[in-house]
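**Student:** Would you be able to build a 3D model of this:
(one chain, ligands or ions: 1)
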Amino acid sequence: MLSLHKQLLRSSNFSGYTFKIASILNYSTHKRHRTSSNSPHHHHPSHRINPNKTNNQTNNLRRLFQPIDVKPLITTDKLDSTSSKDSDADIGRELTGGKTLERNALLRVITDFYRRDEIKKLAADQGLDIRLFQDAYVSFRKFCIQSTVLPVDLHIVLSDIISGSGHVTDIFPYFLRHAREMFPHLSCMEDLKKISDLRDPANWYPDARAIQRKIIFHAGPTNSGKTYHALQSYMNSDSGVYCGPLKLLASEVFYKTNAAGTKCDLVTGEERRFADPEGKPANHVACTVEMTNLTTVYDVAVIDEIQMMRDPQRGWAWTRALLGIQAKEIHLCGEASTIRLIQELMVTTGDDVEVREYKRLTKLNYQERALETFDNVKPGDCFVCFSKNDIFHITRELERRGHEVAVIYGSLPPGTKLLQAQRFNDPTDSCKIMVATDAIGMGLNLSIKRIIFYSLVKPQLNEQGEKEKDAVTTSQALQIAGRAGRFASAFPDGEVTTFRRDDLPLLKEIVSRQVETIKRAGLHPTAEQIEMFAYHLPKHSLSSLIDIFVLLSQLDDSIFFMCNVEDVKFLADIIEHVPLPLRARYTFSCAPINKKMPFVCTMFLKYARQYSRSEPTTFDWLAKQISWPFEIPNTIMDLVHLEEVFDCLDLYLWLSFRFADMFPDKELVRGIQAELDQIIHAGVQNIVKLIHRASRLEDAKDVAVTTSTTEKTAEVVAAISEETKSTNSSTRTNAPQIRSIIGLEEELDIDTTNTLTTSIPDNKIEKPQEKSTIPLTMNTHKVLHSYLNALKTQAETRGHEFNETEDLIKQLIAKGLLSQRSVDKLEKQLATFNDNDKKTSKKRETTKTMTFNNTNKKNKLK
Ligand SMILES: Nc1ncnc2c1ncn2[C@@H]1O[C@H](COP(=O)(O)OP(=O)(O)OP(=O)(O)O)[C@@H](O)[C@H]1O
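**Tutor:** Numbers count the residues shown, from 1 in each chain. Below is the predicted model of the structure:
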């Protein structure tokens with residue numbers, strides 16, 4: 001007599017497992033043949049998988065694939081007798097002659113099943129190693145014993161085995177079904193491996209492969225003219241794309257190209273600018289490399305700083321651009337250490353490579369003596385260090401000796417960096433010394449005579465994304481040193497030294513080393529790949545999907561590496577509990593924010609929450625979050641906080657280009673961002689005073705330390721941001737600061753007539769004329785107005801009515817739409833600007849430029 005379960009198999013009418021069960025049962029008759037556990041890719045002739053990774057892979061997979069709890073089926077009350085599960089039980093019992101399964105017999109059968117070697121082998125073939133097998137067994141046993149009602153098929157099989165008409169191995173398909181429920185990856189491992197197969201990235205871009213591309217690699221040190229030559233080809237072409245590493249560089253090319261008479265647009269993560277006033281796209285575009293458009297065909301493409309392909313975080317963007325750009329001619333600019341890698345990569349794409357090598361245009365002398373004391377500084381000196389604490393210390397020492405100092409470090413907004421550079425470059429400005437981090441290594445034209453390495457120890461990120469303190473690499477030292485001396489500047493010949501005597505031999509040793517050849521280019525998962533993973537593993541968090549992807553991914557590690565995904569995971573974790581569709585979650589998690597900035601992370605979470613509630617993130621909402629209108633920084637803590645606020649605005653803009661409806665107020669945000677840039681600049685101008693004003697010097701140190709080490713959860717981040725706010729309440733404006741804001745306002749206002757001269761700090765660019773007579777801060781007023789009008793419009797859409805003849809501010813307050821605190825701040829800011837305006841421009845009719853008239857304000861204050 002055929003057992004009941006075999007009859008069921010024949011009828012093939014249950015849950016899609018029939019085929020699998022049948023095929024698995026074949027194994028039990030020892031007709032074994034290799035299937036899934038060996039990936040077909042293992043036989044790929046030219047690729048290999050990182051052996052270290054495979055060694056650790058199993059352990060890590062175990063950690064990542066946390067079992068999903070499969071609960072026993074328990075009927076609780078009589079109502080359940082009508083449920084399908086209960087009717088299953090009835091059917092099970094009915095088909096087995098009304099027998100319930102006897103507990104001890106059941107335990108015996110299951111224990112017997114567990115002890116059999118052939119079962120363990122079968123399980124291993126299905127991806128269940130010993131640990132997974134044990135986990136699955138424990139859960140399966142519990143399921144069988146504790147369920148008051150078993151699935152009908154399992155009930156029948158167990159009943160057959162207990163009664164002697166079935167074999168204990170017959171349990172295997174049901175056990176496997178249970179195991180797959182616990183570990184969903186078991187049923188889709190092959191699919192997951194295929195999705196995460198990154199071994200042939202050249203083939204991801206069939207359109208680019210359809211074009212015969214010519215690669216021209218301009219290789220050479222800094223200041224050798226390589227970008228200049230590449231840009232000549234770009235500007236003289238019919239259409240072109242420039243892909244740069246920084247917004248500053250993209251916007252410099254944007255301005256230069258337009259100034260040279262070739263219409264060019266600008267595309268960065270946070271900004272789109274069209275050369276055409278109507279917004280018609282130009283044939284040329286300058287963009288940041290992540291924004292490179294791979295669907296447009298260009299005549300000429302330029303990819304700048306191509307050695308950045310090895311960057312642990314952003315390298316993938318250069319790889320993507322290099323492999324995917326559709327252009328007949330692609331100019332690469334970068335270090336000669338990348339030549340071999342480019343040649344190897346272009347074998348995979350079938351493109352021709354021509355290498356043009358360049359030499360430095362000006363001399364660079366390594367001095368025999370270290371500086372040793374700040375008394376030995378001279379005009380054109382630039383101190384380079386790698387921490388904010390050092391920046392503060394050096395600046396204090398120099399100012400104590402009566403020097404004016406320009407300061408540049410990474411977290412300053414681009415406008416502030418440009419203005420600091422411009423001050424330093426300007427031969428008529430009294431500021432002749434610069435103190436900077438290696439943020440000056442790229443993107444700024446500086447007239448530096450001598451680079452002084454204040455320190456040679458730099459926090460570095462290794463390929464695993466771990467931070468370690470190490471001496472600067474040869475490539476970094478050369479890049480920084482190379483900033484001294486500039487073609488056609490006041491200081492054509494550069495000098496390099498160290499501050500400390502002991503560091504000088506080390507520096508010379510570092511720069512004399514051969515620059516390490518760049519062997520591998522970065523890759524990373526795409527949104528589509530992660531989406532496919534999520535389809536197969538719907539219960540996993542985004543962060544663990546990324547982990548699993550990285551672990552399963554296969555790539556040719558002789559020329560590629562997987563970029564560090566920690567930052568994406570960090571952001572994914574912050575918003576894990578915010579309900580979002582996967583695509584939006586992934587987009588949010590890719591936001592380019594600095595995770596060391598707690599306030600920015602907090603805002604990131606708040607933006608995500610707004611999005612998930614389908615509430616547009618309006619300017620009104622944002623203004624409250626960031627305490628706009630801004631106050632002039634009074635202490636170094638204030639300055640650090642404002643830098644973070646700047647990044648929050650950047651994040652808003654970035655999101656506004658991805659979710660336009662949900663972040664609708666980008667123009668207003670851009671307006672206050674420009675304003676904030678100037679306020680920060682004013683703070684930097686007075687940085688030494690800000691340091692002194694910090695209640696204790698230690699505060700300043702704390703800032704630097706906290707901002708360089710924090711890795712907090714969103715909640716901790718939120719708590720810290722509250723503290724930061726409360727320490728940030730001081731407001732004491734001072735006239736010189738305001739004057740500098742007002743002076744600078746005009747230069748940064750992108751809507752003013754002479755836009756083409758604003759971005760490139762150069763000693764050839766004239767100093768803005770008569771700063772003191774520049775009209776009142778139009779930009780600030782525009783923003784204040786837009787803000788009030790935006791409030792009004794929003795209120796109107798919600799049914800509020802306004803009386804046109806009465807003061808708008810009064811009405812907004814009366815309706816509870818604007819707080820008195822905000823108004824006080826607005827008042828204060830306007831009054832300051834007003835006073836200053838009167839002082840600096842007696843000739844002008846100041847009242848005309850004021851948008852809020854004084855009578856109204858007085859009325860309001862009453
Ligand atoms: N042939 C040239 N005629 C006029 N100016 C030039 C020429 N070559 C280079 N320059 C100028 O010299 C400066 C340095 O050149 P460029 O930026 O091209 O160097 P680079 O090798 O790309 O350096 P980096 O790697 O620092 O960008 C630029 O201001 C550039 O405009």
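
**Student:** Would you confirm that A219 contacts R340?
**Tutor:** No: here A219 lies out of contact with R340, judged by C-beta atoms under 8 Å, at a distance of 10.8 Å. Bear in mind the C-beta positions are built from the backbone N, C-alpha and C, glycine included.

**Student:** number of nearby residues for the residue in the stretch 501-650 of the chain positioned nearest to the ligand?
**Tutor:** As assessed by C-beta to the nearest ligand atom, the ligand sits closest to V515 within the stretch 501-650 of the chain, at 13.5 Å. Neighbourhood size, V515 [other C-beta atoms under 10 Å]: 17.

**Student:** One more: V138?
**Tutor:** V138 has 12 nearby residues by other C-beta under 10 Å.

**Student:** and it, what helix or strand is that in?
**Tutor:** Following DSSP states H and E, one finds V138 within helix 130-146.

**Student:** Mind listing what's buried along the helix or strand just after that helix?
**Tutor:** Going down the chain from helix 130-146, the next helix or strand is helix 152-163, by DSSP H and E. For helix 152-163, a neighbour-count test (16 or more other C-beta atoms under 10 Å) marks V152, D153, L154, H155, I156, V157, L158, S159, D160, I161, I162 as buried.

**Student:** Helix 152-163 packs against which elements?
**Tutor:** helix 4-11, helix 84-95, helix 103-115, helix 172-182 (3 or more C-beta pairs under 8 Å, 6 or more residues apart in numbering; DSSP states H and E).

**Student:** how does it look with 10 Å?
**Tutor:** helix 4-11, helix 84-95, helix 103-115, helix 130-146, helix 172-182 (3 or more C-beta pairs under 10 Å, 6 or more residues apart in numbering; DSSP states H and E).

**Student:** which one of those has the lowest average pLDDT?
**Tutor:** Per-segment mean pLDDT for the helices and strands packed on helix 152-163 reaches its minimum on helix 4-11, at a mean of 37.

**Student:** where do the strands sit along the stretch 151-300 of the chain?
**Tutor:** Taking DSSP state E, counting those that start in this stretch as the criterion, the stretch 151-300 of the chain carries its strands at 214-219, 240-244, 264-268, 271-273, 284-288, 297-303.

**Student:** quick one, what contacts Y366?
**Tutor:** Shown in contact with Y366 (C-beta atoms under 10 Å, 6 or more residues apart in numbering): 451, 481, 484, 494-498, 504, 507-508, 511-512.

**Student:** For it, name its beta-bridge partners.
**Tutor:** V496 (DSSP bridges).

**Student:** how close does it sit to T268?
**Tutor:** 36 Å (C-beta to C-beta, to the nearest Å).

**Student:** Near S558, how many other residues are there?
**Tutor:** Applying other C-beta under 10 Å, I find that S558 has 12 neighbouring residues.

**Student:** how about the one helix or strand I546 maps to as CSV, C-alpha atoms only?
**Tutor:** Using DSSP H and E, I546 sits in helix 542-552. What follows is helix 542-552, C-alpha atoms only, in CSV (Å, rounded to 0.1, in the frame of the first residue of the first chain):
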residue,chain,number,x,y,z
LEU,A,542,18.0,47.9,4.5
SER,A,543,21.2,47.8,6.5
SER,A,544,21.3,44.1,6.7
LEU,A,545,20.4,43.8,3.0
ILE,A,546,23.4,45.9,2.2
ASP,A,547,25.6,43.7,4.5
ILE,A,548,24.3,40.5,2.8
PHE,A,549,24.9,42.1,-0.6
VAL,A,550,28.4,43.0,0.2
LEU,A,551,29.1,39.6,1.6
LEU,A,552,27.7,37.6,-1.2
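
**Student:** what's it packed up against?
**Tutor:** helix 51-64, helix 189-195, helix 527-536, strand 560-562, helix 566-574, helix 582-589.

**Student:** worst average pLDDT in these?
**Tutor:** Across those, the lowest-scoring stretch is helix 51-64, with a mean of 58.

**Student:** For the stretch 201-350 of the chain, which residues are neighbours of the ligand?
**Tutor:** G220, T222, N223, S224, G225, K226, T227, Y228, C333 (C-beta under 6 Å from any ligand atom).

**Student:** Swap in 5 Å and give it another go.
**Tutor:** When proximity is defined as C-beta under 5 Å from any ligand atom, the stretch 201-350 of the chain approaches the ligand at T222, N223, S224, G225, K226, T227, Y228.

**Student:** now do the chain
**Tutor:** T222, N223, S224, G225, K226, T227, Y228, F487.

**Student:** Near the fourth one, how many other residues are there?
**Tutor:** To tie it back to what came earlier, the one meant is G225. For G225, the neighbour count with other C-beta under 10 Å is 16.

**Student:** try A623
**Tutor:** 20.

**Student:** wait, doesn't it sit right on G671?
**Tutor:** No: A623 is not in contact with G671 according to C-beta atoms under 10 Å; the separation is 11.6 Å.

**Student:** what ranges do the strands span in the stretch 301-450 of the chain?
**Tutor:** So, for the stretch 301-450 of the chain - with DSSP E, counting those that start in this stretch - the strands run 326-334, 352-357, 364-366, 381-384, 405-408, 433-436, 450-453.

**Student:** Show me what the mean pLDDT comes to for the longest one.
**Tutor:** In this model, strand 326-334 has an average pLDDT of 98.

**Student:** Tell me which of A219 and R340 has more neighbours.
**Tutor:** Between A219 and R340, counted using other C-beta under 10 Å, A219 has the larger neighbour count: 21 against 13.

**Student:** Is that one in contact with E335, as I believe?
**Tutor:** Yes: here A219 reaches E335: they are 6.9 Å apart, a contact under C-beta under 10 Å.

**Student:** what sits in contact with each of these two?
**Tutor:** K226, I306, Q307.

**Student:** Quick one: mark the members of those that sit in helices.
**Tutor:** K226 (DSSP state H).

**Student:** Now the buried members of the shared contacts of A219 and E335.
**Tutor:** K226, I306, Q307.

**Student:** Tell me which of the strands of the stretch 301-450 of the chain is the most buried.
**Tutor:** Scoring these by mean neighbour count under mean count of other C-beta atoms under 10 Å gives strand 433-436 as the most buried, with a mean of 28.

**Student:** chain center to that strand, what's the gap?
**Tutor:** Distance, stretch centre to chain centre, for strand 433-436: 28 Å (C-alpha atoms, centre = their mean, to the nearest Å).

**Student:** Which residue, other than its chain neighbours, is closest to L294?
**Tutor:** Nearest residue to L294 in three dimensions, chain neighbours excluded: G324, at 4.2 Å (C-beta to C-beta, 6 or more residues apart in numbering).

**Student:** Confirm for me that that neighbour is in contact with A208.
**Tutor:** Yes: with contact defined as C-beta under 10 Å, G324 and A208 form a contacting pair (5.1 Å).

**Student:** Overlap of the contact sets of these two?
**Tutor:** Common neighbours of G324 and A208 (C-beta under 10 Å, 6+ apart) are A202, L294, T349.

**Student:** Good, wrapping up.
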